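In: next one to model:
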Amino acid sequence: MKIARLSLRSRIFAYLIILMLVSSILIALVTLIQYGEQTKDYHRARLERKEEQVRKNVKYVIKETTYVVNEEKLHLIFKDAIYRIADIHSVDFNLYDLSGTLINTSDTSIGQEEAQECLSVEILNNINVLADKRYVEDIDTEKGQYKSSYTIITDSKAKPLGILNLQYERDDSFSTNELIEFFRRLGYAYIIMLLVAIVFAYFISRYITRCLLYTSPSPRD
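Out: Coordinates of the predicted model:
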């Protein structure tokens, strides 16, 4: 049955219920969008913190090493230190020379032979073009979703030595469970609100139609 064919009272009742449902859907959509934005901001900020911590440790190792600090000695400088730094900060990272060739990786689960042996031209170009010499890309693998950042590491005189590649895993399981629990509670609230709205709409529609009936002019003879 079309709404236009309903009585005035029924139409007012239906419009109020539709308004309630549309408002509920809009609130849910805004909540979902806000959750997505907050999740992106959280992972971006966490990656930046991890990256800054690793960079500080890398600079310290370069400062304290007994090897000659240059690109050719980078694999010796971080032969053991790369695993120690990764363990301290609970994050895997790779070291590449300035041409994009892999020097070492802290991820022992995949092994150096399975790591990306050479960076793509696109990555190298982006690192060199960007003002902060930093490039971040999103990667989807069988293990999960990762954010991979690439930054230039330098010596004490700001001379480029190599490329630091940080592998940050995006784990959204906790926040996703929290979102599901939030929508479950929101659903219970919506059910209660809908029942209240039905009762409210019923009496409002009844009141409006009665007022219109009593205030309407009498038909002429």
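
In: where's residue 95, which helix or strand?
Out: Per DSSP states H and E, residue 95 falls inside strand 92-96.

In: helices along the protein, start to end?
Out: Applying DSSP state H to the chain gives helices spanning 8-64, 74-77, 81-89, 121-129, 173-215.

In: measure the residue nearest in space to the middle of the chain to residue 50 for me?
Out: What sits nearest the mean C-alpha location of the chain, by C-alpha atoms, centre = their mean, is residue 40, with 2.4 Å. Look at residue 40 and residue 50: by C-beta to C-beta, to the nearest Å, they are 16 Å apart. Glycine gets a C-beta too; all of them are placed from N, C-alpha and C.

In: ditto for residue 65
Out: Remark: distance between residue 65 and residue 50 (C-beta to C-beta) = 23 Å.

In: comparing these two, which shows the higher neighbour count?
Out: The neighbour count for residue 65 versus residue 50, taken as other C-beta atoms under 10 Å, is higher for residue 50 (19 against 15).

In: which residue is the nearest non-sequential neighbour of that one?
Out: With C-beta to C-beta, 6 or more residues apart in numbering as the criterion, residue 50 has its nearest non-adjacent residue at 5.1 Å, and that residue is residue 91.

In: burial count for the one you found?
Out: If you count neighbours by other C-beta under 10 Å, residue 91 ends up with 20.

In: next, give phi and psi for it.
Out: For residue 91, the backbone dihedrals are phi -150, psi 140 (criterion: degrees, to the nearest 10).

In: what residues are up against it?
Out: With contacts defined as C-beta atoms under 8 Å, 6 or more residues apart in numbering, residue 91 is in contact with 50, 54, 166, 167, 168.

In: burial count for the residue nearest to residue 194 when sequence neighbours are not counted?
Out: Spatial nearest neighbour of residue 194, chain neighbours left out: residue 20 (6.4 Å); criterion: C-beta to C-beta, 6+ apart. Burial of residue 20 is recorded as 18 neighbouring residues (other C-beta under 10 Å).

In: again with the one 3 residues further on
Out: By the measure other C-beta under 10 Å, the count of residues near residue 23 is 13.

In: same question for residue 17.
Out: Using other C-beta under 10 Å: residue 17 sits among 17 other residues.

In: looks like it contacts residue 198 (just checking).
Out: Yes. Counting by C-beta atoms under 8 Å, residue 17 does reach residue 198; the two are 6.5 Å apart.
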